[in-house]
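Novice: pasting the sequence and the predicted coordinates here, then a few questions.
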Amino acid sequence: MFSQEDKFYCWTSEPRKFNQWRRENDLKGLFNYILRHSVSFEKWTKEQNLNLDELLSITPTRHVFYGKATKWCFVTETDGIKDYAIYETKPSKDERKIIKSFQYLPYFKWKREKDNTCPFVINTNGAEFNENNFMVNGFESSRSYTPDNIEVEYITKIFGELPLLKIGKYRLASNFSIFSRNLDFLDLDQLELFGDSSLWYQGLDVYCSTIRMLKLSNLYANMFKIKYCFCSQLMILNSTIMDFEISYSYMSDFVSGMYIERSKLINFKLEKVVIDNISIYDTELNSFIYNPPQKGDIGPVGLHPISYLNLYKNIKRLRIAFENMDNTTEASNYYYLERCLKIKNFKEEYRTLPPKFDYSGGSYFKITKDWIKKRIDSKLAMLYFRRRTKQYFISITNNEYRNSRITMIVNHYWSKFEKVFWGFGEKPLRIIFNALLIILLFSLIYFFTNMVNIKGNFINSIYFSVITFTTLGYGDITPQTSLGQIFVSIEALLGAFTIGFVIAAYTKKSRT
């Protein structure tokens, strides 16, 4: 483990010297390990004509693995100092002296196209790791007890057995230069960046690392980018942060996934991030974007189950934060997303009702389907059938459960209706669209039947549908049959109902 003096050298040395030191030490060990334990990676290096020195020259290291197309690496020299540059396309002439150049297709892009069946790495215990999980299940923690507190020391291991270089647990002042450093595949836990609220601090650019318990205090900083990382317990205090992005990462902690207080955030983006808790106090948010993860996303986020309850709570906190800032536009957007997540959280809430049932077998239909496809045997299928029947009987006879269940189901489907009909009051144009749809539907019914004396005129059917929907009722056209009277009454009720929604939406928008 690094001493404080070693960490001081890593953070204070010139970025190019730091990157060169990593090529000669921990990165060489990383690539040697992958070459020993990955058949597909070795195959990729041969196909791309890359040797170990060329792999090490690709800086930052993420470019070895990630990318959408062929990349170019140029090794140049200025005043006797080597520099490494990665380009998405072949650049024009460079004034610096080019020592070496080569092109390659990033590994995971090549693997998806050529060899997607073979695992990325198989460690010494036989465990398989792929793009989705090679940064997962590799963390250990040790606790040291003192009379006053418990200090937790995390040991980060990639592929479950290869320790990452630990240069975290360090305080960096705003005069340190860290932006050009290769901070990929590192243990940066308990890193603290602090300033004097006057200097601009060029931030972190980190891939495939752990950066838990990151603390930013009294900073004027910009250009933070964290991707495919574990970064729980992010804390931002008394700071102004611009262009901050966390994507495809996992933020979770029993206390707080992200805590922000007395700060100003500009262009802050959380893209496909699993986060258990967002706490925001006395903070100005300017262009704050939160896109929750979806099923099938890659990186650490792809392996953790999505809790719609946690997403719902986080979106609600963001909505309240925007309301406190009188930012009605963003508050409206997050309120809509909050209500949508409330609908998706229905199953989680439903299963918490007393008594708690065992849903392992699924519905009757699912049990039958699994039995037909021989996923389960007859004995297990009968067990699931008996269990579901018992649960259904309890749901009917248990008054507490039955009433709660009925209330929850009604609220759930009413919320679905609100979403479609008027977007929970945040999308009033949907009311107009649905009103026109109702008018058109009833006008077609009137036109193709003899319920109303429209004399086979489609214009008359539209006219009659409009005055019925708006409850004007001039009386020049009337229903001719009992069935026609029923349909006219239904349309009039729908019209009055819709007009009520229009008034409610207008009132809601006027208040905001």
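Specialist: Structure's in. What do you need?

Novice: how about residue 158, phi and psi?
Specialist: phi -80, psi 150 (degrees, to the nearest 10).

Novice: which residues does it form a beta bridge with?
Specialist: Beta-bridge partners for residue 158, by DSSP bridges, are residue 162.

Novice: all helices of the stretch 301-450 of the chain, in order?
Specialist: Using DSSP state H, counting those that start in this stretch, the helices of the stretch 301-450 of the chain run over residues 308-324, 328-344, 346-350, 364-372, 378-397, 399-422, 429-448.

Novice: show me where pLDDT drops low in the stretch 101-250 of the chain?
Specialist: Scanning the stretch 101-250 of the chain for pLDDT under 70 picks out 132-133, 135-154, 174-177, 197-201.

Novice: now tell me which of the helices of the stretch 301-450 of the chain the model trusts least on average.
Specialist: The stretch with the lowest mean pLDDT among these is helix 346-350, at a mean of 68.

Novice: what separates residue 221 from residue 203, distance-wise?
Specialist: 5 Å (C-beta to C-beta, to the nearest Å). C-betas here are computed from N, CA, C, even on glycine.

Novice: what's the answer for residue 77, then?
Specialist: Residue 77 is 29 Å from residue 203, where distance means C-beta to C-beta.

Novice: also residue 426?
Specialist: Between residue 426 and residue 203 the distance is 34 Å, computed by C-beta to C-beta.

Novice: hmm, back to that, can you pull the residues that touch both of residue 221 and residue 203?
Specialist: 193, 241 (C-beta atoms under 8 Å, 6 or more residues apart in numbering).

Novice: which residues touch residue 368?
Specialist: Contacts were defined as C-beta under 8 Å, 6+ apart; by that measure residue 368 touches residue 381.

Novice: then residue 421?
Specialist: 430, 431, 434, 501.

Novice: try residue 164
Specialist: Contacts of residue 164 by C-beta under 8 Å, 6+ apart are 26, 156, 157, 158, 185, 186, 187, 209, 210.

Novice: write the ChimeraX selection for whichever of these are buried.
Specialist: Burial among the contacts of residue 164 is assessed by 16 or more other C-beta atoms under 10 Å; the matching ChimeraX selection reads:
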select :26,156,158,185,186,187,209,210
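
Novice: which ones among the contacts of residue 164 map onto strands?
Specialist: Members of the contacts of residue 164 lying in strands (criterion: DSSP state E): 156, 157, 158, 186, 187.

Novice: show me which of the contacts of residue 421 are buried.
Specialist: Counted by 16+ other C-beta under 10 Å, the contacts of residue 421 give 430, 431, 434, 501 as buried.

Novice: for those residues, could you give me CSV that also reports distance to residue 248?
Specialist: Shown next, in CSV, are those (distance: C-beta to C-beta, whole Å):
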residue, distance to residue 248
430, 33
431, 38
434, 37
501, 39
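
Novice: let me see the domain layout of the chain.
Specialist: Following the assignment in automatic domain parsing, the chain carries domains at 4-129, 139-348, 429-511.

Novice: looking at those domains, which is buried most?
Specialist: domain 139-348 (a mean of 18; mean count of other C-beta atoms under 10 Å).

Novice: returning to what we had before: looking at the contacts of residue 421, spot the one nearest residue 478.
Specialist: residue 434 (26.1 Å; C-beta to C-beta).

Novice: grab the nearest non-local neighbour of residue 194.
Specialist: residue 217 (4.7 Å; C-beta to C-beta, 6 or more residues apart in numbering).

Novice: list the contacts of residue 171.
Specialist: Applying C-beta under 8 Å, 6+ apart to residue 171 gives the contacts 192, 194.

Novice: look up how far residue 193 lies from it.
Specialist: From residue 171 to residue 193 the distance is 8 Å (C-beta to C-beta).

Novice: wait, isn't the residue nearest to residue 194 in contact with residue 241?
Specialist: No: counting by C-beta atoms under 8 Å, residue 241 is not a contact partner of residue 217; they are 11.2 Å apart.

Novice: hang on, residue 39 packs against residue 117?
Specialist: No: if you go by C-beta under 8 Å, residue 39 and residue 117 don't touch, sitting 11.2 Å apart.

Novice: so what touches stretch 232-242?
Specialist: Outside stretch 232-242, the residues that reach it (C-beta under 8 Å, 6+ apart) are 195, 197, 203, 212-224, 246, 250-253, 255-268.

Novice: among those, which are in strands?
Specialist: Filtering the contacts of stretch 232-242 for strands - DSSP E - leaves 215-217, 220-224, 246, 250-251, 258-261, 264-268.

Novice: for residue 245, which non-adjacent residue is spatially closest?
Specialist: Using C-beta to C-beta, 6+ apart, the closest residue to residue 245 is residue 269 (4.5 Å).

Novice: what residues are bridge-paired with that neighbour?
Specialist: Note on residue 269: beta-bridge partners residue 245, residue 289, judged by DSSP bridges.

Novice: how about it, what does it touch?
Specialist: Listed by C-beta under 8 Å, 6+ apart, the contact set of residue 269 reads 244, 245, 246, 247, 288, 289, 290, 291.

Novice: just say helix, strand or coil for residue 168.
Specialist: Of the three states, residue 168 takes coil according to DSSP: H, G, I helix; E, B strand; the rest coil.

Novice: distance of it relative to residue 264?
Specialist: 26 Å.

Novice: again, but for residue 273
Specialist: 21 Å.

Novice: please name the bridge partners of the residue nearest to residue 194.
Specialist: For residue 217, the beta-bridge partners are residue 194, residue 237 (DSSP bridges).

Novice: next, the contact list for it, please.
Specialist: Taking C-beta under 8 Å, 6+ apart as the test, what residue 217 contacts is 192, 193, 194, 195, 235, 236, 237, 238, 239.
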